[in-house]
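Engineer: structure here, sequence nowhere to be found:
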């Protein structure tokens, strides 16, 4: 009988597909597992690691990005290897992973966006927040996007979560402040030409259920030349919401207090305005000559559902808001990967407690696990991925004790990639690129300069290898 993997004579071989926070937290938990000898390979389709920390966190939130220092400590462990610029389905097949590893952890996130599925969504000028966030962060997938910032004055943002807040802040903040961050050069160039003066934030629920965090909305209110405008009827709470709010987190209570203060304060004639609207939902985008010109919204009232949570109920009242640009910040959605079961209803990898299923409603697939947004959907902050990944690792260790692992031939995929002439990026390559990006950025008065194309990144990697 073969020896159970996890010892010095037969280390447990694990790989993660994806190198965002959830992948690094899973790797950290495995490397710290008591009595376990493990080897971890981390694959990413991009030449750079860190997922949404690099490509999603707003450039003016550098403190949040500093969490990557924690991941760097994990990557310095000699049992850890990074393989950037490797795409599963192009350079390696799932079958290659199954032959080489005892366990595979899918950390592929949610790379698409939800749709409203309403008339006019295809009009020019209607974009997802996913596109905009990737564009200003220099993500290679979105570097070629274009937004008519130079002609738009009023912009509608559908949704009022923190992604909506990030988009709002980037559109409203002084360009001089953004220019010193790691924002993409093409984004700064476009923002310098921006004529945007007014944002209309559309929330389908009431002010007590606003999805943004207090800090995010307060940051916008602190911007020079920006008024956060709230009409009295939008800030007002019905009796039920007022009672319900008493049992909610302090953040919700702080939001309500802030909105009420803004309503009482009124506007002061500043150059730019963010209007917070509540209990409205888009039902159509209206256009002219193929470009969006207005958003038609339906009003709603709040009613308690079975568990007492206030939910919006649409009423027979409509209004139209003229706009030149729309960003939909209504959540991310996973993208199905061929050979991996997908839960289409939830937009995630089909799983139960992090164990990937053989089919959407089938049994657990031996050796396959999932973490992060691909496991639970796009919820929580960066740190939320730590307990999430640890929970999946506990399942992995439990399965290891029950000999539920893939056979793993011991084939080293580094050799396979070399044979297939795949120019993969090692952790040492990334460290050189990281230093180079910071040096170029500092020479330009920025935190970092990010090359927004895979070809450009790989050219830099090759030149830095010497």
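Structural biologist: That came through fine. Note that this is a predicted model, so its numbers are computed, not measured.

Engineer: so what's the residue nearest to residue 60 when sequence neighbours are not counted up against?
Structural biologist: Setting aside the residues directly before and after it, residue 60 is nearest to residue 181 in space (CB to CB, 6 or more residues apart in numbering), at 5.4 Å. For the C-beta atoms, the positions are set from N, CA and C on the backbone; glycine is no exception. By CB atoms under 8 Å, 6 or more residues apart in numbering, the contact set of residue 181 is 59-60, 62, 446-447.

Engineer: how about 10 Å then?
Structural biologist: By CB atoms under 10 Å, 6 or more residues apart in numbering, residue 181 lies in contact with 58-62, 65, 136-137, 173, 188, 441, 446-448.

Engineer: want to throw those residues into JSON lines with secondary structure, distance to residue 407 and pLDDT?
Structural biologist: Formatted as JSON lines, those follow (DSSP: H, G, I helix; E, B strand; the rest coil; distance: CB to CB, whole Å; pLDDT from 0 to 100):
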{"residue": "58", "secondary structure": "coil", "distance to residue 407": "44", "pLDDT": "95"}
{"residue": "59", "secondary structure": "coil", "distance to residue 407": "45", "pLDDT": "97"}
{"residue": "60", "secondary structure": "coil", "distance to residue 407": "49", "pLDDT": "95"}
{"residue": "61", "secondary structure": "coil", "distance to residue 407": "44", "pLDDT": "95"}
{"residue": "62", "secondary structure": "helix", "distance to residue 407": "45", "pLDDT": "95"}
{"residue": "65", "secondary structure": "helix", "distance to residue 407": "40", "pLDDT": "94"}
{"residue": "136", "secondary structure": "helix", "distance to residue 407": "45", "pLDDT": "98"}
{"residue": "137", "secondary structure": "coil", "distance to residue 407": "40", "pLDDT": "97"}
{"residue": "173", "secondary structure": "coil", "distance to residue 407": "54", "pLDDT": "97"}
{"residue": "188", "secondary structure": "helix", "distance to residue 407": "52", "pLDDT": "97"}
{"residue": "441", "secondary structure": "helix", "distance to residue 407": "46", "pLDDT": "97"}
{"residue": "446", "secondary structure": "coil", "distance to residue 407": "49", "pLDDT": "96"}
{"residue": "447", "secondary structure": "coil", "distance to residue 407": "46", "pLDDT": "97"}
{"residue": "448", "secondary structure": "coil", "distance to residue 407": "43", "pLDDT": "97"}
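
Engineer: now, of those residues, which are buried?
Structural biologist: In the contacts of residue 181, burial by neighbour count holds for 58-60, 65, 136-137, 173, 188, 441, 446-448, counting by 16 or more other CB atoms under 10 Å.

Engineer: so residue 178 sits right up against residue 191, yeah?
Structural biologist: Yes - counting by CB atoms under 10 Å, residue 178 touches residue 191, with 6.7 Å between them.

Engineer: overlap in contacts of those two?
Structural biologist: Common neighbours of residue 178 and residue 191 (criterion: CB under 10 Å, 6+ apart): 136, 170.

Engineer: so the chain: which segments form each domain?
Structural biologist: When the chain is parsed with automatic domain parsing, its domains come out as 12-111+334-425, 112-330.

Engineer: wait, which of those domains is closest to residue 432?
Structural biologist: For residue 432, the closest of the domains of the chain is domain 12-111+334-425, at 9.9 Å, according to CB to CB.

Engineer: count of neighbours near residue 450?
Structural biologist: Per other CB atoms under 10 Å, the neighbour tally for residue 450 reads 24.

Engineer: that one reaches residue 188, doesn't it?
Structural biologist: No - assessed by CB under 10 Å, residue 450 is found out of contact with residue 188, at 11.8 Å.

Engineer: which neighbours do those two share?
Structural biologist: Shared contacts of residue 450 and residue 188 (CB under 10 Å, 6+ apart): residue 59.

Engineer: mind checking the SS state of residue 273?
Structural biologist: The assignment at residue 273 comes out as strand when based on DSSP: H, G, I helix; E, B strand; the rest coil.

Engineer: from residue 229, how far off is it?
Structural biologist: Using CB to CB, to the nearest Å, we find residue 273 at a distance of 5 Å from residue 229.

Engineer: any weak-confidence spans in the chain?
Structural biologist: Counting by pLDDT under 70, the chain has low-confidence residues at 1-2.

Engineer: list the contacts of residue 241.
Structural biologist: By CB under 10 Å, 6+ apart, the contact list for residue 241 reads 205-209, 248, 256, 302, 304, 310.

Engineer: in helices, which of these fall?
Structural biologist: Counting by DSSP state H, the members of those that fall within helices are residue 256.

Engineer: closest to residue 342 out of the contacts of residue 241?
Structural biologist: Of the contacts of residue 241, the one sitting nearest to residue 342 (CB to CB) turns out to be residue 205, at 28.6 Å.

Engineer: ramachandran angles for the nearest residue to that closest one once chain neighbours are set aside?
Structural biologist: The shortest distance from residue 205 to any non-neighbouring residue, by CB to CB, 6+ apart, is to residue 312 (5.4 Å). Backbone geometry at residue 312, expressed as degrees, to the nearest 10, gives phi -80, psi 140.

Engineer: among the domains of the chain, which comes closest to residue 433?
Structural biologist: Among the domains of the chain, the nearest to residue 433 by CB to CB is domain 12-111+334-425 (7.2 Å).

Engineer: so how far is residue 312 from the closest residue to residue 33 other than its chain neighbours?
Structural biologist: Leaving aside its chain neighbours, residue 33 sits nearest to residue 397 (6.3 Å; criterion: CB to CB, 6+ apart). For residue 397, the distance to residue 312 (CB to CB) stands at 43 Å.

Engineer: thinking again about what came up before, is the residue nearest to residue 60 in a helix, a strand, or coil?
Structural biologist: Quick answer, by three-state DSSP: residue 181 is coil.

Engineer: picking that back up, want to throw the contacts of residue 181 into JSON lines with distance to residue 233?
Structural biologist: Shown next, in JSON lines, are the contacts of residue 181 (distance: CB to CB, whole Å):
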{"residue": "58", "distance to residue 233": "31"}
{"residue": "59", "distance to residue 233": "35"}
{"residue": "60", "distance to residue 233": "32"}
{"residue": "61", "distance to residue 233": "32"}
{"residue": "62", "distance to residue 233": "38"}
{"residue": "65", "distance to residue 233": "39"}
{"residue": "136", "distance to residue 233": "33"}
{"residue": "137", "distance to residue 233": "36"}
{"residue": "173", "distance to residue 233": "28"}
{"residue": "188", "distance to residue 233": "38"}
{"residue": "441", "distance to residue 233": "46"}
{"residue": "446", "distance to residue 233": "43"}
{"residue": "447", "distance to residue 233": "42"}
{"residue": "448", "distance to residue 233": "44"}
